[in-house]
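In: Quick one, fold the following:
(2 chains)
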Number of protein chains: 2
Amino acid sequence: MNKKGLSILMRTKMRPNNDPSKLSSFSPSLSKQNGINQMMTDPPRNQRSTDDSRSNFSASGNHYERNFDIVKDSMGLAISLNKTESLDVVLDDFSQGYFSLSNENRKKLVIVLAKEYDLDRIQVRELLKQYLGLELRSGDEGELSNVDDENMFSAFYRIERNLRQALKPTYNVLFERLNNYTGGLKFLSLLRADILSFLGEENIASLRALDSCLKEKLSTWLSPAVLELHQITWDDSASLLEKIVTYEAVHPISNLLDLKRRLGVGRRCFGYFHPAIPGEPLIFIEVALLKNVAQTIQEVLLDVPPIPEHEAACALFYSISSTQPGLAGINLGKFLIKRMITLVKRDMPQISTFATLSPIPGFMQWLLSKLASQSVIAEVDNMEQPTGGSGSAFQENLLEPDEERMLLNSAPETCAGKNGMEVMLNLLTSENYEWTSSAELLSALKPPLMRLCARYLLQEKKRGKALDSVANFHLQNGAMVERLNWMADRSERGLRQSGGIMVNYVYRVECIEQYAQSYFSAGHIHASSDIRHYIRAHKEPEETTIA
Amino acid sequence: MNKKGLSILMRTKMRPNNDPSKLSSFSPSLSKQNGINQMMTDPPRNQRSTDDSRSNFSASGNHYERNFDIVKDSMGLAISLNKTESLDVVLDDFSQGYFSLSNENRKKLVIVLAKEYDLDRIQVRELLKQYLGLELRSGDEGELSNVDDENMFSAFYRIERNLRQALKPTYNVLFERLNNYTGGLKFLSLLRADILSFLGEENIASLRALDSCLKEKLSTWLSPAVLELHQITWDDSASLLEKIVTYEAVHPISNLLDLKRRLGVGRRCFGYFHPAIPGEPLIFIEVALLKNVAQTIQEVLLDVPPIPEHEAACALFYSISSTQPGLAGINLGKFLIKRMITLVKRDMPQISTFATLSPIPGFMQWLLSKLASQSVIAEVDNMEQPTGGSGSAFQENLLEPDEERMLLNSAPETCAGKNGMEVMLNLLTSENYEWTSSAELLSALKPPLMRLCARYLLQEKKRGKALDSVANFHLQNGAMVERLNWMADRSERGLRQSGGIMVNYVYRVECIEQYAQSYFSAGHIHASSDIRHYIRAHKEPEETTIA
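Out: Residues are numbered from 1 along each chain as shown, chains lettered A, B, ... in the order given. Reported below is the predicted structural model:
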């Protein structure tokens, strides 16, 4: 650490507090795609589009917005390029021009790119007709000579190749050229962050197609084979450490001392780096070396001094942050955890447990909307069938009879309601999380919250995968759900996201591959018997498998 | 350098001499694609497929060939993968199994991959029909509402996306999985080297399609953004230096002293590394720091002691070797030279000239076949038109009248012929390059050889690009043709490939981009006025542009 440390410290202190409104800067459907980016809920967007982005290009010092048409022309040139121009100059010009534009003009430009540099549908149709004109003979229709066979396949391969080519949108060229250009990969990541935010404002089909093309390209270029895992220490450059402070999204770093402790004894910080984006990890992960798997985040963040490292038996991943909003949906973490476990094990063979202490970012959102809609359904059903009865097929009491009784008994008047679910909804949405200061309410809420949280993590799915983005991230990496921890994160964010509950995912070194594979292919979620118990007691038949 | 040096030395001495028969190990059409791989004419194929390849995987120590069907099944599993298997184990099993197979069985397996894991043409046809069913409305046919527009495009984008997916052959999956697997990129490079050699034996359409798919994938994964340029020095590991000795293809390294000099004072060696293939450069380039651009390779290889580095004004690239035959046709060198120039300039700002001393590997082959066919044409024409006359349209006297006279006068009886071209052919193909030991023959051959060499480099093209592979490599990198050097490489290979002529390409730092671009887009070859002079004197109209 050099004297720039002070400047980090000052900037750290001036950093705006977590603003919940920024949570919604990505549309839910986008942020759901990837756990790691869901975790990174606080991308410093404003700073990014002014300072950061410029610093990656030989900025001309011109902070005025350039004329839209000029930037549009330079984009066209970067794609078509006539022979007198040098590609580097053109790309430099375009990228600087792009950054000079206002948000509105950027959006306009990106839409031009999506619509005017699409594919040539006339040509595609021509090729399709040629292809359909080819006769597809199977071996059943009599013997073919090898020569006929060769000729037939040659024709297929040729047109298929041409078709593949024709189906590539023209803007592909721009992406590929930028990727070969110094700083271009970073530019593309910033460009995609913009595209995602435009899509959040307006869901335009051509923008979606542009995004999907760019996303696929970025996934290929960011293949794990290329990413390098390095330990980040106090000896790293101030500019790198500053990025850790800026991007730490799960448990914000409050000051220089906090940062120093997270890199010191009993702690590790690892970053995933790409050679084309030097000095800036794409993801970083913070690890605490502990005696046992921690149950609350406070004991991890505040245990001073940490235990001697040789006494540690558990490596706890307590924070994973992604730094590039433009890489949302690209699973960069895929091999990160496996590689990191290998690194930690090499240095400290006495570590036997690898676990996380993770947020459950979608739990409250799911639960509150479930409670609200069930309250409405219950009300409607009661009006339609005033005599009672089985009610609508959609009706479901989320609460067990015991739970409902306790809630109705302990709720204060301000949170009264027609049934247990309404009471629960009122309690959970009460101002300043009042329920957390009452021992009675805490003990009334704990059973249903823990049970429903287990159900949310293990049974609520979207396209066959866990609905919770962080769960999905760890499960696809080969973890299992180990333990729910009550009141494990009493921070405002912790209470808002998951009612203060946190979860330990555990990585069993010998099962990582197998668990990842069975989750990937069949959506199978491995969980400890403790967790399964919450659900089984309520509903699940006895024969459910226990991992 | 550690004590392993001795073992390098021993292996270096035992290394088989350059065997000219190995030149043809790649079919001409393949090796023409890329200069750098043409330069690398001596891939140590035998060694590769036994030792090297194994060392990249946790070899089981089993050197027996596995059963073909078992390896075939493990390939199938690596593609389809059921949920109980771990992907790493399957890929490990498949790659080891592949290497255990005989060459014949590898070929059989690769053909199975190409034919049985192709694409689903029934599905492609289904999608094509759906696509053709969509109505393509242009803006001309009346005003469309934005909503209609969106719906129409949504449908197009959806089917186009599905089509792109369906047009990907199934074996794509195998390539992608291998790329994510430790050592997998190296495996894919070795696999492609095999495919290229099978294609050399038999040009099968499905194998071509397989190769083209793998080549495209490799190009993407080996994007220059990912490659890292490092200087290779005497302090590098023996295993890396051993690879330099093994793969140096242009001017073989004869012993340890030779290697040490090439990494010592007045010399530089740079390698292009990929993070997934550590400890082994994909390309390396050797540089000599000189007072002037060298005219013969002997003065570069044998100048002992070299000049003090601060007196150098020229960085001469005298050898570029590629180490991976499986990366043929992939232009890895694209940014190598530009980056290297930047590195050299940073350390030694006094260097003002960046040039090569390059072989002209295709000159003699082109000239001899030209001379042979012209001799035949001349003979046939003489029989058809015994009275003489303009002759066939294909007839062309490659020699100037002066040149022909000198050749006829100086040729010994053993090389007699009906005309100058036949004499020249006989001289050039005489045993042991006899012509090089006669001052008279040298002076008779020099004018036509230099002139025809200039014509070969500047005017003989294939698909609009220089026919000579090394010329094509440097021109696409932005060089210009500066000077021809008579008797610059008197080695057996030098005489066989280019009659001993070598060429200096020069990189003008300020013109690299522009030259590369105009060569790329219009096939324009920039050349010095000296070189142009050879051609203009003979044929070219006066108004030819001189760069």
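In: what's the domain layout of chain A?
Out: Here the domain parsing of chain A from automatic domain parsing is A:121-166, A:228-356, A:363-538.
In: how about a markdown table for those domains, with mean pLDDT, mean neighbour count and distance to residue A:71 added?
Out: Every C-beta, even on glycine, is put in place using the N, C-alpha and C of the backbone. Shown next, in a markdown table, are the domains of chain A (pLDDT from 0 to 100; neighbours: other Cβ atoms under 10 Å in any protein chain shown; distance: least, Cβ to Cβ, whole Å):
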| stretch | mean pLDDT | mean neighbour count | distance to residue A:71 |
| --- | --- | --- | --- |
| domain A:121-166 | 79 | 14 | 27 |
| domain A:228-356 | 88 | 19 | 19 |
| domain A:363-538 | 87 | 18 | 35 |
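In: Redo the ones you listed as CSV? Include distance to residue B:314.
Out: Output for the domains of chain A, formatted as CSV (distance: least, Cβ to Cβ, whole Å):
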stretch, distance to residue B:314
domain A:121-166, 43
domain A:228-356, 31
domain A:363-538, 53
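In: Which of the helices or strands spans the closest residue to residue A:283 other than its chain neighbours?
Out: Spatial nearest neighbour of residue A:283, excluding adjacent residues (Cβ to Cβ, 6 or more residues apart in numbering or on different chains): residue A:272 at 4.6 Å. Using DSSP states H and E, residue A:272 falls within strand A:267-273.
In: Tell me which stretches of the stretch 201-350 of chain A form strands.
Out: A:228-231, A:267-273, A:283-290, A:314-322 (DSSP state E, counting those that start in this stretch).
In: Name the surrounding residues that touch stretch A:505-524.
Out: Outside of stretch A:505-524, the residues within contact range by Cβ atoms under 8 Å, 6 or more residues apart in numbering or on different chains are A:293, A:337-338, A:341, A:345, A:353-356, A:358, A:461, A:464-465, A:471, A:474-482, A:525-526, A:528, B:81-89.
In: Can you list the buried residues in stretch A:98-109?
Out: Neighbour-count burial for stretch A:98-109, counted by 16 or more other Cβ atoms under 10 Å in any protein chain shown, picks out A:98, A:99, A:100, A:101, A:105, A:106, A:107, A:108, A:109.
In: Out of those, which sit inside helices?
Out: Residues of the buried residues of stretch A:98-109 located in helices (DSSP state H): A:98, A:99, A:100, A:105, A:106, A:107, A:108, A:109.
In: ok, the residue of the stretch 351-500 of chain A found nearest chain B - contacts?
Out: Distance from chain B to each residue of the stretch 351-500 of chain A (Cβ to the nearest Cβ) is smallest for residue A:478, at 9.6 Å. Listed by Cβ under 8 Å, 6+ apart, the contact set of residue A:478 reads A:337, A:338, A:507, A:511, A:512, A:513, A:514, A:515, A:516, A:519.
In: C-alpha coordinates for stretch A:452-470, CSV please?
Out: In CSV, the C-alpha atoms belonging to stretch A:452-470 read as follows (Å, rounded to 0.1, in the frame of the first residue of the first chain):
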residue,chain,number,x,y,z
LEU,A,452,-41.4,-20.7,4.1
CYS,A,453,-37.8,-19.7,3.5
ALA,A,454,-36.8,-23.4,3.1
ARG,A,455,-39.7,-23.9,0.8
TYR,A,456,-38.6,-20.8,-1.2
LEU,A,457,-35.1,-22.1,-1.6
LEU,A,458,-35.8,-25.7,-2.3
GLN,A,459,-39.1,-25.7,-4.1
GLU,A,460,-39.8,-22.4,-5.8
LYS,A,461,-38.4,-22.6,-9.3
LYS,A,462,-38.3,-20.8,-12.6
ARG,A,463,-37.6,-22.8,-15.7
GLY,A,464,-36.6,-25.7,-13.6
LYS,A,465,-33.9,-23.7,-11.7
ALA,A,466,-34.0,-22.2,-8.2
LEU,A,467,-36.0,-18.9,-8.2
ASP,A,468,-33.5,-17.3,-5.9
SER,A,469,-30.6,-15.9,-7.9
VAL,A,470,-27.9,-16.5,-5.3
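In: Measure how far that stretch is from the centre of its chain, please.
Out: Mean-position distance between stretch A:452-470 and its chain equals 15 Å (Cα atoms, centre = their mean, to the nearest Å).
In: do the same with stretch A:125-134
Out: Computed by Cα atoms, centre = their mean, the chain-centroid distance of stretch A:125-134 equals 41 Å.
In: Residue ranges in the stretch 1-150 of chain A under the pLDDT threshold?
Out: Applying pLDDT under 70 to the stretch 1-150 of chain A picks out residues A:1-63, A:82-85, A:136-147.
In: let's see 80
Out: Low-confidence segments of the stretch 1-150 of chain A (pLDDT under 80): A:1-64, A:81-87, A:135-150.
In: Pick out the residue of it closest to chain B.
Out: Taking Cβ to the nearest Cβ as the measure, the stretch 1-150 of chain A has residue A:86 as its residue closest to chain B, at 3.4 Å.
In: burial of that residue, as a residue count?
Out: Neighbours of residue A:86 under the rule other Cβ atoms under 10 Å in any protein chain shown: 18.
In: The closest residue to it other than its chain neighbours: helix or strand, and which one exactly?
Out: Leaving aside its sequence neighbours, residue A:86 sits nearest to residue B:513 (Cβ to Cβ, 6+ apart; 3.4 Å). In the assignment (DSSP H and E), residue B:513 maps to helix B:512-522.
In: list the helices and strands the helix or strand that that helix is followed by packs on?
Out: Beyond helix B:512-522 in the direction of the C-terminus, DSSP H and E gives the next helix or strand as helix B:529-538. For helix B:529-538, the helices and strands in contact under the criterion 3 or more Cβ pairs under 8 Å, 6 or more residues apart in numbering or on different chains; DSSP states H and E are helix B:439-459, strand B:480-485.
In: and the angle for helix B:529-538 with helix B:439-459?
Out: Orientation of helix B:529-538 against helix B:439-459 (axes from the mean of the first three to the mean of the last three Cα atoms, to 10 degrees) gives an angle of 100 degrees.
In: Can you identify each of the helices in the stretch 251-400 of chain A by residue range?
Out: Ranges of helices in the stretch 251-400 of chain A, per DSSP state H, counting those that start in this stretch, are A:256-262, A:297-302, A:336-347, A:363-384.
In: For the strands of the stretch 201-350 of chain A, could you give me CSV that also reports distance to residue A:298?
Out: Output for the strands of the stretch 201-350 of chain A, formatted as CSV (distance: least, Cβ to Cβ, whole Å):
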stretch, distance to residue A:298
strand A:228-231, 25
strand A:267-273, 16
strand A:283-290, 12
strand A:314-322, 11
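In: Okay, helices next: where are they in the stretch 101-250 of chain A?
Out: Assigned by DSSP H, counting those that start in this stretch, the stretch 101-250 of chain A shows helices spanning A:103-116, A:121-133, A:146-166, A:171-179, A:184-201, A:205-221, A:238-247.
In: Please determine whether the fourth one lies in contact with chain B.
Out: Pointing back at helix A:171-179 there. Yes: shown here: helix A:171-179 in contact with chain B (Cβ under 8 Å from any Cβ of the partner chain) through residue A:179.
In: tell me what that helix is packed against?
Out: Using 3+ Cβ pairs under 8 Å, 6+ apart as the test, helix A:171-179 ends up in contact with helix A:68-80, helix A:87-100, helix A:103-116, helix A:184-201, helix A:205-221.
In: what do you get for the second one?
Out: Judged by 3+ Cβ pairs under 8 Å, 6+ apart, the packing partners of helix A:121-133 are helix A:146-166, helix B:121-133.
In: Using PDB, write down the CA coordinates of that helix.
Out: Taking C-alpha atoms only, helix A:121-133 is exported to PDB below (Å, rounded to 0.1, in the frame of the first residue of the first chain):
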ATOM      1  CA  ARG A 121     -33.100 -11.000 -44.800                       C
ATOM      2  CA  ILE A 122     -33.300 -11.100 -48.500                       C
ATOM      3  CA  GLN A 123     -30.000 -13.000 -48.700                       C
ATOM      4  CA  VAL A 124     -31.100 -15.300 -45.900                       C
ATOM      5  CA  ARG A 125     -34.300 -16.100 -47.800                       C
ATOM      6  CA  GLU A 126     -32.300 -16.900 -51.000                       C
ATOM      7  CA  LEU A 127     -30.100 -19.300 -49.100                       C
ATOM      8  CA  LEU A 128     -33.100 -20.900 -47.400                       C
ATOM      9  CA  LYS A 129     -34.700 -21.600 -50.700                       C
ATOM     10  CA  GLN A 130     -31.500 -23.100 -52.000                       C
ATOM     11  CA  TYR A 131     -31.300 -25.300 -49.000                       C
ATOM     12  CA  LEU A 132     -34.800 -26.500 -49.300                       C
ATOM     13  CA  GLY A 133     -34.100 -27.300 -52.900                       C
END
